[in-house]
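1. Fold the following and give me the result.
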Amino acid sequence: DMKLGDAQILFELDGKVEKFDVEITKIDMDHEDTNKSFVIKVTDPRLLSATGGIVQGMSGSPVIQDGKVVGAVTHVFVQDSSTGYGIFIETMLKQ
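-> Numbering: from 1, shown residues only. Alright, predicted model coming up:
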């Protein structure tokens, strides 16, 4: 059910779990590394201001789209911390 476009991640900031806006910019159904199945870009200005994007400890944060958990954050792009990879929820459930 995942598609390109708006989504959210759940992340604890200042002791409270909140939703932050991201965009799913690429989906790769056949990536050989299942931990890099899709790409997200943090678009939420508050999260960007607080963390600069995806940071250590954010791995495993749920990615939600259209009210459904579609995956989780796995890696950050070293060259652009506002962007990172995710793993599909289906892959997580199979493992």
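
2. show me what contacts Met2?
-> 24, 27, 38, 65, 70-71, 88 (Cβ atoms under 8 Å, 6 or more residues apart in numbering). Where C-beta positions appear, they are placed from N, C-alpha and C, glycine not excepted.

3. and the gap between it and Thr91?
-> Distance of Met2 to Thr91, given as Cβ to Cβ, to the nearest Å: 12 Å.

4. ok so, going back, from the contacts of Met2, which land in strands?
-> Residues of these located in strands (DSSP state E): 24, 27, 38, 65, 70-71, 88.

5. Please, which helix or strand holds the spatially most central residue of the chain?
-> The chain has Val73 as the residue nearest its centroid, 4.0 Å off, counting by Cα atoms, centre = their mean. Element membership for Val73, per DSSP states H and E: strand 68-77.

6. For that strand, name the packing helices and strands.
-> strand 62-65, strand 80-88, helix 89-94 (3 or more Cβ pairs under 8 Å, 6 or more residues apart in numbering; DSSP states H and E).

7. could you give the angle of it to strand 80-88?
-> 140 degrees (axes from the mean of the first three to the mean of the last three Cα atoms, to 10 degrees).

8. I would like the residues contacting strand 68-77, please.
-> 1-2, 7, 9, 35-38, 40, 53-55, 58-64, 83-89, 92.

9. Filter those residues down to the buried ones.
-> The neighbour-count criterion (16 or more other Cβ atoms under 10 Å) marks 2, 7, 9, 36-38, 40, 53-54, 58-59, 61-64, 83-89 among those as buried.

10. for this protein, where's the lowest mean pLDDT among helices and strands?
-> helix 89-94 (a mean of 90; mean pLDDT, DSSP states H and E).

11. and that one, what other elements does it pack with?
-> Going by 3+ Cβ pairs under 8 Å, 6+ apart, helix 89-94 lies up against strand 68-77.

12. residues of the strand it packs on that come out buried?
-> Result for strand 68-77 [16+ other Cβ under 10 Å]: buried residues 70-76.

13. How about stretch 43-52?
-> 44, 47, 51.

14. I'd like the distance from stretch 88-95 to the chain centre, please.
-> Chain-centre distance of stretch 88-95: 15 Å, with Cα atoms, centre = their mean, to the nearest Å.
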